[in-house]
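Chemist: sequence first, then the predicted structure, then my questions.
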Amino acid sequence: MPDANIHELSAPDHAIDHDEFDPLGTLTLIVLYFLALVLMWLFTYFIEFLGNDPTPLVVI
Amino acid sequence: MRNTFVDAYPDQARFIRRVFATSFTAFAVGAFFGLIQALHRTDILRVVESPTYYTVLTGHGVFLVLSFTIFFLVGVYQWAVTDSLERRPVDMRFTWGWYGLMVLGTLLAAFAILAGFVESIDVSANTLFTFYAPLQGHPIFYVGLVLFVVGTWLAGADWFRSWLAWKGEHPGERIPLPTFMVLTTMIMWYISSIGVAVAILAFILPWSLGIVDSINPTLTRTLFWYFGHPVVYFWLLPAYLLWYILLPKLSGGRLFSDPLARVVFILFILLSTPVGIHHQYLDPGIAEGFKFIVMTNTMFLLLPSFLTAFTVVASMEHGARQRGGTGYVGWLRALPWREPAFTGMALAGLVFAFGGFTGIVNAGMNINYLVHNSLWVPGHIHTQVGTASALTFMAGSYWLVPQLTGNRLVGRSIGLVQVLLWFIGIVFMTNSMYRGGLVGIPRRTAEPQYEGFQYEVAAGSVGELNAQLAIGGILLFISAMLFLALMLLTLFNRDSEPVDNRTIPAPLSGPEDSPAVLDNLKLWAAIAAVLVLLAYTIPLASIVTRGGLFGPDIGPFPVTIEGSGSIELVRMGLEFALETVSR
């Protein structure tokens, strides 16, 4: 079956070697993920613990 | 000259095509069962009787998390070992042999499960994927599972054999990274699958055959989870392999660090197994102190995942910068988002990062009580194995299958739609599952609708949650079918050539930058064994001391459906409960 799909796969424009590469973009994403985690923990804490009454004490 | 995998190793490509075909067949059946469940439990469309739901559920679990994932694993690992050692297996007949054993095992287990649909055959195994006592299936089911697992052990032996042969020809060289990943995964698998082998061979199979009358449920559950947590890494590590080996190339870059990748896989050998009890936080009969130790081990398991997030994203960034990307976040635009192989893996990684957070919730002893056995847990499973692994496998196939067939991928843009559809479907479905779990909707329940009781949904309603679950399930099913159609068309897309060759660019930081001790597999296996002994000896001893090896006289609860469906099942359940209490 013909496929009009004649792209090149991810050909790099120029080579960057180990010493030239500082993954600052990765650092940015990790900081964002960390902030998201902290916010989710805070959210969980407020909704699930502060939002609910203590476990009822059942005396039989 | 064309240089694809099939050009270099035609017989290996043929073998892996066969393995993938098996995997994808299981995927098709399992996905269809998933659709039935999504519509059934939300009460939108019930095409089966509710007791039959559990047959469907067992099939969904077993076909997807054992057959689809593990057949895909052995296919990818066969590719990885062949391509990175640049050699064929020592004896190809042995390779076909373990594949045949895995297929035989799958067919037997599948027969036992599917026979549950046919009343005239007195065989069933509605035990769910987590086949604990007292749920009992037909012996054929367990025999099938054993053969399947033994098949995977032999597969591992085959790869070790290839590596030893390679080592003899290349003395003093570092293990190539893909092979290193395969060998470390298999060491983890050998250590962990002993648990399920003992559980089945020593206890559950003799019990289902009637050789022994009773079983110690806590013991077999503990042995199951001894295997049941590491098995999730058995699903995940082939996805990791694709992220480390393929994703940097697809991004247009090189792997950031080979040593970091090795450290990650070693951490999985060490930490995967001594954590299984975290699935049993609510089980009586295991001391809280051991649960606490296990929680600590589990939290350490976040480390390899965080290392992976860093290394893989940094490799993608390297690709983006080589393709002209700039800025702190602007480089993301330079990534090849039109490539389904890339986009699928990137989205799978994104979902994994979110699902990882929900895993921290599951692993925390206190907060686990909030979500235990609720719909939250299937939500977690579907973001992790159902997307991090499954979507990565599908995306990986968009690159691998052309390599294995020598044909160009058909419908690259439809492939893009397919991976996006999976992503959207999983967001809908798991959003509903997570939130439903938080308000207490149970998992593994055909009819989670109760009279005289209402779930308190903080925002939205149960109707809205159900709609999201059903829409998500439908989108996932459509996506799965699209994927399978594209694979089939690609298989027959002769007279075309793949757009890429088989070469994998060298890492930015290679193995020469790491200490040789990382390749000392015996050392890591020995440390892992010690950790397992520390985590499990005393809990297992105390379970056996208290309940006996064959338990405090727990009778079987055969999961067969007789008479008039649900009423009968409830009656049997009640009788069983009464019997247990009156003892």
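Modeler: Looks like it arrived, so ask away.
Chemist: so how many other residues sit close to B:P336?
Modeler: The number of residues packed around B:P336, counting by other Cβ atoms under 10 Å in any protein chain shown, is 21. The C-beta positions use only the backbone N, C-alpha and C, and glycine is treated the same way.
Chemist: ok, it touching B:L247?
Modeler: No. Counting by Cβ atoms under 8 Å, B:P336 sits too far from B:L247 to count as a contact (10.8 Å).
Chemist: give me the common contacts of those two.
Modeler: B:F342 (Cβ atoms under 8 Å, 6 or more residues apart in numbering or on different chains).
Chemist: wait, what's in contact with B:D519?
Modeler: Per Cβ under 8 Å, 6+ apart, neighbours of B:D519: B:174-175, B:180, B:262, B:511.
Chemist: of those, which is the most crowded?
Modeler: Highest neighbour count within these, by other Cβ under 10 Å: B:F180, with 24 neighbours.
Chemist: that one against B:F265, yeah?
Modeler: Yes. Counting by Cβ under 8 Å, B:F180 touches B:F265, with 6.7 Å between them.
Chemist: below-threshold pLDDT in chain A: ranges please.
Modeler: A:1-13, A:48, A:51, A:55, A:60 (pLDDT under 70).
Chemist: tally of neighbours for A:W41?
Modeler: Neighbours of A:W41 (other Cβ under 10 Å): 13.
Chemist: for chain A, just list every one of the helices.
Modeler: A:24-44 (DSSP state H).
Chemist: in it, which residue is closest to the centre?
Modeler: A:Y33 (4.3 Å; Cα atoms, centre = their mean).
Chemist: next: chain B.
Modeler: B:W235 (3.2 Å).
Chemist: got the contact list for it?
Modeler: B:65, B:69-70, B:73, B:385, B:389 are the contacts of B:W235 under Cβ under 8 Å, 6+ apart.
Chemist: please flag which of those sit within helices.
Modeler: Going by DSSP H, the helices hold B:69-70, B:73 from those.
Chemist: which one of those residues is nearest to chain A?
Modeler: B:L73 (24.7 Å; Cβ to the nearest Cβ).
Chemist: give me the neighbour count for B:D513.
Modeler: Around B:D513 there are 13 other residues, counting by other Cβ under 10 Å.
Chemist: list the contacts of the closest residue to B:P217 other than its chain neighbours.
Modeler: Ranked by Cβ to Cβ, 6 or more residues apart in numbering or on different chains and with sequence neighbours excluded, the top spatial neighbour of B:P217 is B:A133, at 4.4 Å. Residues near B:A133 by Cβ under 8 Å, 6+ apart: B:203-204, B:207, B:215-217, B:220-221, B:551, B:554, B:556.
Chemist: give me that answer again for 10 Å
Modeler: Going by Cβ atoms under 10 Å, 6 or more residues apart in numbering or on different chains, B:A133 touches B:127, B:199, B:203-204, B:207-208, B:214-221, B:224, B:551, B:554-557.
Chemist: with B:W189 as the reference, measure out to the residue nearest to the centre of chain B.
Modeler: 11 Å (Cβ to Cβ, to the nearest Å).
Chemist: who touches both of these two?
Modeler: B:70, B:73.
Chemist: what do B:F180 and B:F265 both touch?
Modeler: With Cβ under 10 Å, 6+ apart, B:F180 and B:F265 have common neighbours B:241, B:518.
Chemist: give me the pLDDT value at B:I567.
Modeler: Per-residue confidence (pLDDT) for B:I567: 49.
Chemist: cool, the one 4 residues further on as well?
Modeler: At B:R571 the predicted local confidence, pLDDT, stands at 56.
Chemist: picking that back up, out of the contacts of B:D519, who's nearest chain A?
Modeler: B:P511 (13.8 Å).
Chemist: touching, that closest one and B:V263? I think so.
Modeler: No. The pair B:P511 / B:V263 is not scored as a contact, 11.7 Å apart, by Cβ atoms under 10 Å.
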